[in-house]
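In: Build the 3D model from these lines:
(chains A and B)
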2 protein chains.
Amino acid sequence: MTQVTSTPYEALEVGQTASFSKTVEERDIQLFAAMSGDHNPVHLDAEYAASTMFKERIAHGMFSGALISAAVACELPGPGTIYVGQQMTFQKAVKIGDTLTVRLEILEKLPKFRVRIATRVFNQREELVVDGEAEIIAPRKQQTVTLTTLPAISIG
Amino acid sequence: MTQVTSTPYEALEVGQTASFSKTVEERDIQLFAAMSGDHNPVHLDAEYAASTMFKERIAHGMFSGALISAAVACELPGPGTIYVGQQMTFQKAVKIGDTLTVRLEILEKLPKFRVRIATRVFNQREELVVDGEAEIIAPRKQQTVTLTTLPAISIG
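Out: Take a look at the predicted model:
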């Protein structure tokens, strides 16, 4: 059982950082497609993808968005955070097998527990794949939660 | 086999609309959690969620982002669209069983095939759950693609 502890508004400092990494697997692309309804062959069909400007299959752009969301919810500020807004610019395609690292940095503490956070996503070559910024309402108190264990998911 | 046809830049008109609907199922939340790594119990554990301000389990905010992405990729402009940027503000929590409708509207045609699109998500009570805007590069030519059929996914 994995536990995560939040950083409350009071303890957040401008310049504070956190990161969250995940390797993009075949399975993740299939789960994203099933969940979102986006079955576009550029993400799922190698033969079709070879005929596009990308030359090979790419991850859904919003897959990186999901990782940003996970980083904010589980790393900084963590549990109890309320997501207010997210802005993203997609800089570079993500391929299957790429390892993405979301880098968070506290940019500004605003009134009413609001916080601006830089949310940048890099691949294993340190290339920026998504630039962006989140606005959140930080937790008022520190809390520790136990992350839920998911049932097994099998594909095919 | 479902086929979708894109609307190329030339044929896009300011004010043109499209929509994409999906009911949020238990299964979608589990797939989103598995794919993103966000196992926060507010999304997955009814007992924990009852102790929060939301009173019951809520969908990940970025789940609506994934639906926006699917709407742009599969409906308007459709296949061949390149995602440049997305801005979202999360207005209201989404509960399991809610039916979300993404409403797209072409706002502005920019040079170099770029297009600004309003991307608003409503629930079945016509409440705005996510407001936002996408910037994309539209396809230059119309194309029809066959959406890939996914292998079966079973949970538990």
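
In: For chain A, give me the ranges with low pLDDT.
Out: For chain A, the stretches flagged by pLDDT under 70 are A:1.

In: Which helix in it has the most residues?
Out: Taking DSSP state H as the assignment, the helix of chain A that covers the most residues is helix A:61-74.

In: just the CA coordinates of that helix, formatted as CSV?
Out: These are the backbone C-alpha positions of helix A:61-74, laid out as CSV (Å, rounded to 0.1, in the frame of the first residue of the first chain):
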residue,chain,number,x,y,z
GLY,A,61,-1.1,14.4,-26.6
MET,A,62,-3.5,14.5,-23.6
PHE,A,63,-1.7,11.4,-22.2
SER,A,64,0.9,13.9,-21.0
GLY,A,65,-1.9,15.9,-19.6
ALA,A,66,-3.1,12.9,-17.6
LEU,A,67,0.5,12.5,-16.2
ILE,A,68,0.6,16.2,-15.2
SER,A,69,-2.7,15.7,-13.4
ALA,A,70,-1.4,12.7,-11.6
ALA,A,71,1.8,14.6,-10.6
VAL,A,72,-0.2,17.4,-9.1
ALA,A,73,-2.7,15.1,-7.3
CYS,A,74,-0.1,12.6,-5.9
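
In: and the direction of it versus that of helix B:61-74, what angle?
Out: Orientation note: helix A:61-74 sits at an angle of 180 degrees relative to helix B:61-74 (axes from the mean of the first three to the mean of the last three CA atoms, to 10 degrees).

In: and after helix A:61-74, which helix or strand comes next?
Out: Tracing the chain past helix A:61-74, the next element assigned as helix or strand by DSSP states H and E is strand A:82-90.

In: elements contacting that next one?
Out: Packing partners of strand A:82-90 (3 or more CB pairs under 8 Å, 6 or more residues apart in numbering or on different chains; DSSP states H and E): helix A:61-74, strand A:114-122, strand A:128-137, helix B:61-74, strand B:82-90. C-beta here means a position set from N, CA and C on the backbone, and glycine is covered the same way.

In: Dump those to a markdown table, plus distance to A:Ile153.
Out: Shown next, in a markdown table, are the helices and strands packed on strand A:82-90 (distance: least, CB to CB, whole Å):
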| stretch | distance to A:Ile153 |
| --- | --- |
| helix A:61-74 | 15 |
| strand A:114-122 | 24 |
| strand A:128-137 | 25 |
| helix B:61-74 | 16 |
| strand B:82-90 | 26 |
